[in-house]
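K.L.:
no FASTA, just this:
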């Protein structure tokens, strides 16, 4: 019985130590989330307006301007840019993103995958490691972007993707990331990065919206704007993912702390029962001994 009491006491101490860690991680994630949330909230309207403008320009193009980044061609080679986190302990966040990337390849690019023409660029270590472990062709060039998150570092990945697309190394570039909604909710998204998608109406035809006045010339302005807008789109996706990661980790650590409370409650009940049983046994032995002496 004493051995059982000691074992329960050790388990209680272990759970309490774990709970201290989960509470500390929740507080750290909450502090990081505020900063990350402010960054994406400020960035999102600007990026959305730029994306709308770019899609409209592409949709209204009459062919007079050479738009290499919007050129559609038969899909033989595919690039998936998968944005995950560097660390775990954030619930199913990374697993869901990897699942979406694998599902996209299986459903949309199965033929290209069989030919070995699907490549994954992992932004974040967890996605890169998971895809590599599952046998996908991967590149680790940009997996450490979150160590020094900045527009310049993300721009390098965006520029490399655009350059590879123009050279014909890839015919389509898909972006898999998590869009931040709030601390408890993330939306896992698949977006076409290249070629630049057109604005499509409900009927399925290309939508024509605003007619832009270009100053200076249209070709010069479009050539200059396209890469910058695409850089902004990828940076927005990375900021979304950064905020989503901290929100997911904060929620996961909060649930882990609650689970630790429930486990501690159960262990304390077990400990009290075992202690009560030990006391009862000792009292029974004392009474039995006293009775034997008196008889």
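P.N.:
Thanks, I have the structure now. What you see is a predicted model, and the numbers here were worked out from it, not measured in a lab. Numbering: from 1, shown residues only.
K.L.:
what about residue 131, how many neighbours?
P.N.:
24 (other C-beta atoms under 10 Å). C-beta: built from backbone N, CA, C; applies to glycine.
K.L.:
residues in contact with it?
P.N.:
82, 98, 101, 102, 120, 122, 138 (C-beta atoms under 8 Å, 6 or more residues apart in numbering).
K.L.:
Specify which member of those residues is nearest to residue 251.
P.N.:
Nearest to residue 251 out of these is residue 98 (C-beta to C-beta; 18.9 Å).
K.L.:
Could you check which helix or strand contains that closest one?
P.N.:
In the assignment (DSSP states H and E), residue 98 maps to helix 93-108.
K.L.:
what does residue 127 give?
P.N.:
helix 125-133.
K.L.:
tilt between that helix and helix 93-108?
P.N.:
If you take axes from the mean of the first three to the mean of the last three C-alpha atoms, to 10 degrees, helix 125-133 sits at 40 degrees to helix 93-108.
K.L.:
Which residues belonging to helix 125-133 are considered buried?
P.N.:
Of all the residues in helix 125-133, those buried under the rule 16 or more other C-beta atoms under 10 Å are 125, 126, 127, 128, 129, 130, 131, 132.
K.L.:
quick revisit: after the helix holding residue 98, heading C-terminal, what element do we hit next?
P.N.:
Per DSSP H and E, the first helix or strand lying C-terminal to helix 93-108 is helix 110-114.
K.L.:
just how off-centre is that next one within its chain?
P.N.:
The chain centroid and the centroid of helix 110-114 are separated by 25 Å under C-alpha atoms, centre = their mean, to the nearest Å.
K.L.:
Kindly report the same for stretch 86-104.
P.N.:
The answer for stretch 86-104 is 6 Å, by C-alpha atoms, centre = their mean.
K.L.:
contacts for that stretch?
P.N.:
So stretch 86-104 is in contact with 25, 80, 82-85, 120, 124-127, 130-131, 134, 136, 144, 146-147, 174, 176-178, 186, 188, 190, 244-245, 248-249, 251-253, 255, going by C-beta under 8 Å, 6+ apart.
K.L.:
what's the helix or strand for residue 6?
P.N.:
Short version, using DSSP H and E: residue 6 is in helix 2-59.
K.L.:
So which other helices or strands are in contact with that helix?
P.N.:
Counting contacts by 3 or more C-beta pairs under 8 Å, 6 or more residues apart in numbering; DSSP states H and E, helix 2-59 is packed against strand 172-182, helix 218-294.
K.L.:
The longest one to helix 2-59, inter-axis angle?
P.N.:
The one in question is helix 218-294. Using the same axes, to 10 degrees: helix 218-294 against helix 2-59 is 170 degrees.
K.L.:
ok, now the first one?
P.N.:
Interaxial angle, strand 172-182 versus helix 2-59 (the same axes, to 10 degrees): 120 degrees.
K.L.:
Which parts of strand 172-182 count as buried, going by neighbours?
P.N.:
Within strand 172-182, the residues scored as buried using 16+ other C-beta under 10 Å are 172, 173, 174, 175, 176, 177, 178, 179, 180.
K.L.:
Contacts for the helix or strand just after that strand next, please.
P.N.:
Where DSSP H and E defines the elements, the next helix or strand beyond strand 172-182 is strand 185-194. Strand 185-194 is contacted by residues 69, 81, 93, 96-97, 100, 104, 161-162, 165, 170, 172-181, 230, 233-234, 237, 244, 247-248 when judged by C-beta under 8 Å, 6+ apart.
K.L.:
picking up where we left off before, now, which of the buried residues of strand 172-182 sits nearest residue 39?
P.N.:
Out of the buried residues of strand 172-182, the member with the shortest distance to residue 39 (by C-beta to C-beta) is residue 180, at 10.1 Å.
K.L.:
Please report how far the spatially most central residue of the chain lies from residue 241.
P.N.:
For the chain, the residue nearest the mean C-alpha position is residue 84 (4.0 Å; C-alpha atoms, centre = their mean). To residue 241, residue 84 is 7 Å away according to C-beta to C-beta, to the nearest Å.
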